[in-house]
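Participant: give the three-dimensional model of this entry:
(2 chains)
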2 protein chains.
Amino acid sequence: MDLKRYLEEKKAFIDKVLVDYLPEEPPFGRRLYDAVKYSLTVGGKRLRPILCLAGCEVVGGEQKDALPVAVALEMIHTYSLVHDDLPAMDNDTLRRGHPTTWKNFNEATAILAGDALLNRAFEVLSECSLDSDLKVKVISEIGRAAGMLGMVLGQQCDMEAEGRKDVSLKELEFIHRHKTGALITASVVSGGIVGRGSKEEIEALRNYGQLIGYAFQIIDDVLDVVGDESKIGKNVGSDIKKGKITFVTFYGIEGAKKKAEEAVTRAVKSLEIFEEEKREPLERIACFIVEREY
Amino acid sequence: MDLKRYLEEKKAFIDKVLVDYLPEEPPFGRRLYDAVKYSLTVGGKRLRPILCLAGCEVVGGEQKDALPVAVALEMIHTYSLVHDDLPAMDNDTLRRGHPTTWKNFNEATAILAGDALLNRAFEVLSECSLDSDLKVKVISEIGRAAGMLGMVLGQQCDMEAEGRKDVSLKELEFIHRHKTGALITASVVSGGIVGRGSKEEIEALRNYGQLIGYAFQIIDDVLDVVGDESKIGKNVGSDIKKGKITFVTFYGIEGAKKKAEEAVTRAVKSLEIFEEEKREPLERIACFIVEREY
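Facilitator: Below you'll find the predicted structure:
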């Protein structure tokens, strides 16, 4: 298979439908709608929704069933970026090659646009055409991954670690398992749930998700040192500027890359219970994570 | 019935269980947990959860079924206060007689604590012991009321109206129907859903909720002019200081009170389909809203 084409096609498919899942434009408060739409459509790899669709297909489910879940995941990922970029948080002005939401609108509107996106994700999940039992399972899975047991906790830990020189590897791994890993894992797992995967299949996907989430963050740290700003679409060198402890601090650039590769190898291995043909997209996505330049 | 005692008992009941619905304290990022707990427990009338319990009981449901929904509603209400108080939003330092969350922790932690509370509400709803069909209905009802079709939109409109002298009554009503009315309505309606109320009963509760929500906001505007800071637990006179157009601007203090009383009369009337004994709490709560001093 041609992974580049696969990713492009899935991304185009998701880009096309994202806005369909927004409500109508309101008569007042239009800037909220504009900020939500801007944040969602300004770019992005759409990795989480693609993982969700692929997770659904690998267990034999149909892509259309996973689509609202994929959209909800991208809404949650986008909300987290909008809030993380705020002046009180990471104070970033550039994201995906464009001004961040708070920079393009204002702080208050960005806070509310983030809130709206998080909330909208759960509306979409509760109102899609899946069976109620599946909806509830997926809402719980994604809720845990996104909230104070997952991504939000990870972001808090990340902030608390900033500027500290005594961050242990254990703490760093905890941060990223929550900040990045949890939602990536939930993406592929929720796809598997929607596709009615068996318990064993769901666990294989969970294992896969955790490992590629770990690899993803390591490569993020590497790219912050050696990446090309025009490809990454965000400021490079920000970790060093902030004196941040990263995986590169512990392993060095080459060591970090090796750790990521090992994780990807194990992730691919966990897919062995699936048919060879069906598992190829997930295998290739795992490899792409360590090979990517953005 | 003794309304004061009724409200105190229900409030004590909710206060007692709120923290049980938080996850365990994490090994890292403890300040997030602390900020969430602080925001939830620092005080509050618990009006929305009480309305939810009362809405469940008026249709013949059991209070215990509505409890997780009541908790989720208070979490969402609390998150909205935490975010509204931020420097980039209303920049308030005092809430419920205590420092606001951002003032007591910091801005970033307050943003994340709000995010965590909103997210946790949906986790609680998806993981409670209700039937999946009921859960999904309630998540959709509350999601719509809280998000970019409801409360978040209302807050955006409120900000956009600030400082403008050309705010029409129509716009002002739109703001408050969304900012305050939507979640109050969803509170009593979701109680009715959980209690398995009939379609007619749910619609009566929706009507009731919209009317008391409207009355509630009018009285809020009145109290901002004539209220006692020590009773309200927040700064008084902030609307005038900001040059804000409120219901008092349009109706004057006495006129505004009269509008609120009319709405409450209509709210009480919409309860007539329920048995006299069962509807008393909701009737008395409606009256309390216009008589309250805080």
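Participant: distance between the ends of stretch A:12-23?
Facilitator: 21 Å (Cα to Cα, to the nearest Å).
Participant: helix, strand or coil for A:Ile14?
Facilitator: Of the three states, A:Ile14 takes helix under DSSP: H, G, I helix; E, B strand; the rest coil.
Participant: where does pLDDT dip in chain A?
Facilitator: A:230-235, A:294 (pLDDT under 70).
Participant: one more time with 50
Facilitator: For chain A, no stretch has pLDDT under 50.
Participant: please confirm that A:Glu261 is located within a strand.
Facilitator: No. Counting by three-state DSSP, A:Glu261 is located in no strand; its state is helix.
Participant: residues contacting it?
Facilitator: A:Ala215, A:Val290 (Cβ atoms under 8 Å, 6 or more residues apart in numbering or on different chains). Heads up, the C-betas are built off the backbone N, CA and C, glycines and all.
Participant: any idea how far chain B is from it?
Facilitator: For A:Glu261, the distance to chain B equals 27 Å [Cβ to the nearest Cβ, to the nearest Å].
Participant: repeat that for A:Arg266.
Facilitator: Distance from A:Arg266 to chain B, by Cβ to the nearest Cβ: 25 Å.
Participant: phi and psi next, for that residue.
Facilitator: Here is the backbone geometry of A:Arg266 (degrees, to the nearest 10): phi -70, psi -40.
Participant: am I right that it is in contact with A:Gln210?
Facilitator: No. A:Arg266 is beyond contact range of A:Gln210, at 9.7 Å (criterion: Cβ atoms under 8 Å).
Participant: please say which of the two ends up with more neighbours.
Facilitator: A:Gln210 (21 against 17; other Cβ atoms under 10 Å in any protein chain shown).
Participant: ok, now how distant is the more buried one from B:Cys128?
Facilitator: 27 Å (Cβ to Cβ, to the nearest Å).
Participant: let me see the contact set for A:Arg206.
Facilitator: A:Thr185, A:Val188, A:Val189.
Participant: which one among those gets closest to B:Asp85?
Facilitator: Closest to B:Asp85 out of the contacts of A:Arg206 is A:Thr185 (33.3 Å), distances taken as Cβ to Cβ.
Participant: neighbours of the closest one, how many?
Facilitator: 25.
Participant: so it is in which element?
Facilitator: Secondary structure assigned from DSSP states H and E places A:Thr185 in helix A:182-194.
Participant: so which elements touch that helix?
Facilitator: helix A:47-58, helix A:63-84, helix A:132-146, helix A:151-161, helix A:199-226 (3 or more Cβ pairs under 8 Å, 6 or more residues apart in numbering or on different chains; DSSP states H and E).
Participant: any idea which of those is most buried?
Facilitator: Greatest average neighbour count among the helices and strands packed on helix A:182-194 goes to helix A:47-58 (a mean of 28), per mean count of other Cβ atoms under 10 Å in any protein chain shown.
Participant: picking up where we left off before, from the contacts of A:Arg206, which is closest to A:Arg46?
Facilitator: The closest of the contacts of A:Arg206, once distances to A:Arg46 are taken by Cβ to Cβ, is A:Val188, at 13.6 Å.
Participant: excluding chain neighbours, what is closest to the closest one?
Facilitator: A:Gly55 (3.9 Å; Cβ to Cβ, 6 or more residues apart in numbering or on different chains).
Participant: repeat that for A:Gly60.
Facilitator: Counting by Cβ to Cβ, 6+ apart, the residue nearest A:Gly60 is A:Gly195, at 6.2 Å.
Participant: phi first, then psi, for the one you found.
Facilitator: Dihedral angles (degrees, to the nearest 10) for A:Gly195: phi -80, psi 10.
Participant: tell me how many other residues crowd it.
Facilitator: 24.
Participant: any idea how far it lies from B:Gly209?
Facilitator: In terms of Cβ to Cβ, A:Gly195 sits 39 Å off from B:Gly209.
Participant: what do you get for A:Gly143?
Facilitator: Relative to B:Gly209, and taking Cβ to Cβ, A:Gly143 is found at 25 Å.
Participant: thinking again about what came up before, correct me, but the residue nearest to A:Val188 touches A:Gly192?
Facilitator: Yes. Using Cβ under 8 Å, A:Gly55 is in contact with A:Gly192, at 4.6 Å.
Participant: what sits in contact with each of these two?
Facilitator: With Cβ under 8 Å, 6+ apart as the test, A:Gly55 and A:Gly192 both reach A:Leu205.
Participant: neighbours around A:Ala263, how many?
Facilitator: By other Cβ under 10 Å, the burial measure for A:Ala263, its neighbour count, is 22.
Participant: of all the helices and strands packed on helix A:182-194, which lies closest to B:His178?
Facilitator: Here helix A:63-84 is closest among the helices and strands packed on helix A:182-194 (Cβ to Cβ), at 19.4 Å.
Participant: quick check: angle from the closest one to helix A:151-161?
Facilitator: 30 degrees (axes from the mean of the first three to the mean of the last three Cα atoms, to 10 degrees).
Participant: tell me how many other residues surround A:Thr265.
Facilitator: 14.
Participant: just want the angle from the helix or strand containing it to helix A:199-226.
Facilitator: Assessed by DSSP H and E, A:Thr265 sits inside helix A:247-269. Taking the same axes, to 10 degrees, one finds helix A:247-269 and helix A:199-226 inclined to each other by 150 degrees.
Participant: tell me which residues of the helix or strand just after helix A:247-269 are tucked away?
Facilitator: Using DSSP H and E, the helix or strand that follows helix A:247-269 towards the C-terminus is helix A:276-291. Across helix A:276-291, burial judged by 16 or more other Cβ atoms under 10 Å in any protein chain shown covers A:Arg279, A:Glu280, A:Pro281, A:Leu282, A:Glu283, A:Arg284, A:Ile285, A:Ala286, A:Cys287, A:Phe288, A:Ile289, A:Val290.
Participant: and if you look at stretch A:246-259?
Facilitator: In stretch A:246-259, counting by 16+ other Cβ under 10 Å, buried: A:Thr246, A:Phe247, A:Val248, A:Thr249, A:Phe250, A:Tyr251, A:Ala256, A:Lys257, A:Lys259.
Participant: ok, and what's touching that stretch?
Facilitator: A:169, A:172, A:215, A:217-219, A:221-222, A:224-226, A:239, A:290.
Participant: ok, now stretch A:19-39?
Facilitator: Residues contacting stretch A:19-39 (Cβ under 8 Å, 6+ apart): A:40-41, A:68, A:71, A:75, A:78-79, A:81-82, A:101, A:104-105, A:109-110, A:112-114, A:116-117, A:120, A:124, B:148-149, B:152-154, B:156-157, B:160, B:171, B:174-175, B:178.
Participant: can you pull the buried residues of that stretch?
Facilitator: A:Tyr21, A:Leu22, A:Pro26, A:Phe28, A:Gly29, A:Arg31, A:Leu32, A:Tyr33, A:Ala35, A:Val36, A:Tyr38, A:Ser39.
Participant: and that stretch, how far out from the chain's middle?
Facilitator: 22 Å (Cα atoms, centre = their mean, to the nearest Å).
Participant: could you do stretch A:120-136 as well?
Facilitator: 20 Å.
Participant: stretch A:83-92 too?
Facilitator: That offset, for stretch A:83-92, works out to 17 Å (Cα atoms, centre = their mean).
Participant: what does stretch A:211-231 give?
Facilitator: With Cα atoms, centre = their mean, you get 13 Å for stretch A:211-231.
Participant: indicate whether that stretch makes contact with chain B.
Facilitator: No. Contact of stretch A:211-231 with chain B (Cβ under 8 Å from any Cβ of the partner chain) is absent, the minimum separation being 15.6 Å.
Participant: tell me which residues are up against that stretch.
Facilitator: A:47, A:97, A:173, A:176-177, A:179-182, A:184-185, A:232, A:235-240, A:246-248, A:251, A:253, A:256-257, A:259-261, A:263-264, A:266-267, A:270, A:285-286, A:289-290, A:292-294.
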